[in-house]
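Engineer: mind looking at a prediction? Sequence and model below.
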Amino acid sequence: MNLKRQLLLVSLLTLLLPWAGCEFIRETESALRAGQQQSLAAIARATAGTMAQYVEEYPRRVDPSTASGQLFLQKLETPPLVDGYIDDWQLLPGSLRVLNGADGAVRVAVGTYNDTTYIYVEVSDHDVIYAAADTMVLDDGPRFADHVRLISSDPPFPDEEFVFATEAPGPLISYKQGDYGFSREPAITAHWQDIPGGYRVEARMPSSMLGPNLGFIISNTPDETQHPMRVTSFSASAPGPAVKNSRELQNIAGALVEAGTRVILTDTAGWRIATAGALSTATNADSGSSGWSERIYDLLVESGKDASNVDPDPSGREHLPYVSAALDGREMPAWFRSNDSGRAIIAVAAPITSGGEIIGALIMQQGTDAILSLTNEGLMRLINLTLVVTVLVAGILLGYATWLSRRVRYLSLAAEGALENETLQAALPSALAGDEIGDLSRSFSHVLRQLGDYNAYLRSLASKLSHELRTPLAIVTSSLENLEHEPLSEASAGYTARALDGAGRLRRILSAMSEASRVDELMQHAEEETFDLYAALLSTIGAYRDVYAEREFAFDCELSSVASTGAPELLIQMLDKLVDNAVDFSATGDTIRVGLSVQGNEVRLSVMNPGPALPQKMRSQLFDSMVSVRGADNTRHLGLGLYIAKLIAEGHGGSIAARNVADGVVFEVRLPIHDSR
């Protein structure tokens with residue numbers, strides 16, 4: 001992995017900053033919410049103590065087993081039109097009470113507006129039986145017809161019944177049970193509306209006609225010969241008290257509630273009897289935060305119950321766990337949060353007691369808009385700061401990595417170029433820098449200087465050895481030759497002959513070692529001449545065929561003449577070295593191909609031989625002095641042949657290179673074409 005990627009990964013550590021900030025925001029939000037819960041709980045206890053002083057305003061305690069049969073009187077905002085439709089009641093979903101009958105569901109609702117009471121009954125009935133005209137005023141009501149009865153009572157007085165039946169859909173005449181049976185009640189306005197699979201009944205009557213206890217009986221008649229099946233809204237023998245809003249308690253609670261706080265009072269069964277105040281409607285959007293910050297905030301803070309549960313229950317009965325706990329005498333807090341707006345609401349339910357008896361529960365709810373605004377504002381600052389810091393740090397680290405990797409790259413290229421330099425004395429970049437790369441550059445420069453000195457020593461070693469050893473070798477040789485003329489034994493004569501043969505081989509080695517120096521001197525003093533390189537090669541290759549009869553030679557050239565400028569004897573000597581090398585690395589019967597071509601301003605001379613490929617690690621050292629890729633047992637080569645070829649090629653302003661090809665190796669010499677003008 002390069003430095004850029006490493007430092008880019010290091011820059012990701014800046015993400016620890018937003019993580020720590022998010023944890024801080026989470027803890028802050030929890031601490032603020034806990035503090036607000038404690039404050040709200042103290043206010044709820046004090047308010048519950050105040051509301052307990054008005055014990056006469058609370059409904060009497062009912063049997064828990066019959067509490068579910070009570071009817072809740074919805075408070076209507078506007079008087080609805082009595083037409084069999086409930087749309088204009090403006091009730092929330094879930095406000096209708098559902099009664100399950102044999103033929104399907106029955107839904108009922110009771111509402112009040114000023115001093116008027118409205119009822120609504122929706123019955124699922126696939127076979128509606130209308131009342132006959134002669135059965136409408138029987139003593140016990142319409143016997144063989146579908147009808148609705150509203151039971152009203154005020155114990156200990158007798159129950160009163162109101163019957164709603166009709167001969168056909170539309171406005172209907174209501175009947176009230178009196179001392180002498182059922183009679184028409186003109187004060188009641190009612191309407192029967194048929195619907196697919198059933199019917200609806202809507203009615204309006206003065207509230208003064210009704211007692212505190214209310215209940216419904218819905219009669220479904222299978223046919224005209226059978227008594228109807230009944231569905232009731234109450235489980236006891238008589239209906240229980242209807243639950244309605246207490247204006248007195250509502251006014252008292254309204255005077256005590258603070259802005260942005262809602263108070264709900266319930267009776268002992270959880271039925272809502274008063275509501276005062278309203279929650280703040282502020283949301284995240286009001287505080288100037290954007291949608292994406294809301295989503296991030298929602299991921300950070302602790303999730304609560306759905307905020308829609310905090311609203312007053314449409315059915316009129318509060319049954320959440322924290323309310324039930326308060327009705328059991330235990331104060332309990334709760335909190336809710338909207339997944340859409342992020343808005344959170346704190347709620348506390350406290351029991352209302354009088355004389356050691358629980359008479360109801362007080363629910364106090366308060367929005368956490370201040371907490372939300374504070375934490376959201378902190379979150380926005382954290383996100384913005386994090387983005388700026390992360391981008392800035394990543395940019396700085398990326399720029400630093402680019403600068404650092406560029407320095408390392410330049411140093412690497414300069415070191416590679418210095419190794420290819422003849423003198424190994426190239427200056428390296430960053431040598432004056434005071435950091436570790438500067439130390440590395442200076443170390444490389446020191447190593448290169450030592451390599452250059454050692455390389456210069458190796459290049460001069462051959463000429464020095466040949467110069468120093470030539471005189472002692474001449475003395476040894478002349479002494480051995482003189483010794484041959486002296487009378488010697490047969491054994492001594494053999495020793496002398498072998499010594500002369502060894503001295504001859506040593507002389508040839510010294511000649512090869514001094515050849516490079518002579519070539520270098522010849523290149524410095526050679527006079528350039530223009531000659532036909534094609535003709536010179538053609539003649540030379542013919543000589544190779546005679547000398548190396550066990551090899552085949554091919555000359556590839558599409559030109560009839562190639563004019564070249566230089567020293568022809570040195571160029572032929574260069575070719576001799578390349579051909580000698582090709583012969584050494586090829587087998588008997590192999591074909592050695594010599595190529596000559598002109599490309600652009602260059603003459604290209606190549607020698608290709610079959611044989612083993614060049615070692616990858618030796619390619620850069622192949623043309624150095626005293627370097628050979630032959631085996632250790634081949635001692636007649638000192639590694640000077642290709643070095644001499646390189647001296648001749650570079651002395652003519654050209655270059656030499658070697659590369660592996662299919663089943664062999666190619667040595668290619670490039671020589672510039674000089675303008676003869």
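Structural biologist: Nice, thanks for sending it over.
Engineer: where does pLDDT dip in the stretch 551-677 of the chain?
Structural biologist: Residue ranges of the stretch 551-677 of the chain with pLDDT under 70: 617-620, 625-639, 675-677.
Engineer: and if we set it to 50?
Structural biologist: 632-635, 677 (pLDDT under 50).
Engineer: what about the helices in it?
Structural biologist: With helices called from DSSP state H, counting those that start in this stretch, the stretch 551-677 of the chain shows them at 568-584, 641-651.
Engineer: most packed of these?
Structural biologist: helix 641-651 (a mean of 22; mean count of other Cβ atoms under 10 Å). In short, each C-beta sits where N, CA and C put it, glycine included.
Engineer: which helices and strands does that one pack with?
Structural biologist: The helices and strands touching helix 641-651, judged by 3 or more Cβ pairs under 8 Å, 6 or more residues apart in numbering; DSSP states H and E, are helix 490-525, helix 568-584, strand 655-661, strand 664-672.
Engineer: hang on, the earlier thing: possible to save the helices of the stretch 551-677 of the chain as a markdown table with distance to Pro171?
Structural biologist: A markdown table is the format used below for the helices of the stretch 551-677 of the chain (distance: least, Cβ to Cβ, whole Å):
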| stretch | distance to Pro171 |
| --- | --- |
| helix 568-584 | 123 |
| helix 641-651 | 121 |
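Engineer: one step back: in CSV: the helices and strands packed on helix 641-651, plus distance to Gly170.
Structural biologist: Formatted as CSV, the helices and strands packed on helix 641-651 follow (distance: least, Cβ to Cβ, whole Å):
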stretch, distance to Gly170
helix 490-525, 128
helix 568-584, 121
strand 655-661, 107
strand 664-672, 112
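Engineer: what's the closest of the ones you listed to Leu12?
Structural biologist: strand 655-661 (45.3 Å; Cβ to Cβ).
Engineer: can you say which of the helices and strands packed on helix 641-651 is nearest to Ala46?
Structural biologist: strand 655-661 (97.2 Å).
Engineer: quick one: strands adjacent to that closest one?
Structural biologist: As defined by DSSP bridges, the strand partners of strand 655-661 come to strand 664-672 (antiparallel).
Engineer: sorry, back to before: which of the helices and strands packed on helix 641-651 sits closest to Pro142?
Structural biologist: Nearest of the helices and strands packed on helix 641-651 (Cβ to Cβ): strand 655-661, 113.4 Å.
Engineer: contacts for that closest one next, please.
Structural biologist: Residues from elsewhere that reach strand 655-661 (Cβ atoms under 8 Å, 6 or more residues apart in numbering): 608, 613-614, 619, 622-623, 642, 645-646, 649-650, 665-670.
Engineer: dump that strand to CSV, keeping only the CA atoms.
Structural biologist: C-alpha atoms of strand 655-661 as CSV (Å, rounded to 0.1, in the frame of the first residue of the first chain):
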residue,chain,number,x,y,z
SER,A,655,24.3,2.3,-27.8
ILE,A,656,24.1,-1.4,-27.3
ALA,A,657,21.4,-3.5,-25.6
ALA,A,658,20.4,-7.1,-25.2
ARG,A,659,17.0,-8.7,-24.9
ASN,A,660,15.5,-12.1,-24.8
VAL,A,661,13.5,-13.4,-27.8
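Engineer: show me what counts as buried in it.
Structural biologist: 656, 658 (16 or more other Cβ atoms under 10 Å).
Engineer: coming back round to it: between the helices and strands packed on helix 641-651, which gets nearest to Arg45?
Structural biologist: Comparing these under Cβ to Cβ, the one sitting nearest is strand 655-661, at 94.8 Å.
Engineer: give me the beta-bridge partners of Val607?
Structural biologist: Val594, Phe667.
Engineer: wait, it touches Ala645, no?
Structural biologist: No. Val607 is beyond contact range of Ala645, at 9.7 Å (criterion: Cβ atoms under 8 Å).
Engineer: joint contacts of these two?
Structural biologist: 578, 667.
Engineer: quick one on the thing from earlier: filter the contacts of strand 655-661 to the buried ones?
Structural biologist: So, by 16+ other Cβ under 10 Å, the buried ones in those are 608, 614, 622-623, 642, 645-646, 649, 665-670.
Engineer: between those, which sits nearest Val323?
Structural biologist: Distances from Val323 to these, taken by Cβ to Cβ, are shortest for Leu614, at 91.6 Å.
Engineer: residues contacting that closest one?
Structural biologist: Applying Cβ under 8 Å, 6+ apart, the residues contacting Leu614 are 622, 629, 658-660, 665.
Engineer: which of the residues you listed sit farthest apart?
Structural biologist: Longest span within these, Cβ to Cβ: Val629 and Arg659, 14.4 Å.
Engineer: tell me which strands and helices the helix or strand harbouring Ile217 is in contact with?
Structural biologist: In the assignment (DSSP states H and E), Ile217 maps to strand 213-220. Helices and strands touching strand 213-220, as assessed by 3+ Cβ pairs under 8 Å, 6+ apart, comprise strand 105-113, strand 116-124, strand 147-153, strand 229-232.
Engineer: need those in a markdown table (columns: mean neighbour count and distance to Glu258).
Structural biologist: Shown next, in a markdown table, are these (neighbours: other Cβ atoms under 10 Å; distance: least, Cβ to Cβ, whole Å):
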| stretch | mean neighbour count | distance to Glu258 |
| --- | --- | --- |
| strand 105-113 | 20 | 28 |
| strand 116-124 | 22 | 34 |
| strand 147-153 | 24 | 40 |
| strand 229-232 | 16 | 43 |
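Engineer: could I get those strands in CSV, plus columns for distance to Leu596?
Structural biologist: Listed next are the helices and strands packed on strand 213-220 as CSV, based on distance: least, Cβ to Cβ, whole Å:
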stretch, distance to Leu596
strand 105-113, 107
strand 116-124, 108
strand 147-153, 119
strand 229-232, 116
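Engineer: what residue ranges in this protein score low on pLDDT?
Structural biologist: 283-289, 632-635, 677.
Engineer: tell me the angle the stretch of helix or strand Val447 belongs to makes with helix 641-651.
Structural biologist: Val447 belongs to helix 436-484 when assigned by DSSP H and E. On the basis of axes from the mean of the first three to the mean of the last three Cα atoms, to 10 degrees, helix 436-484 is oriented at 120 degrees to helix 641-651.
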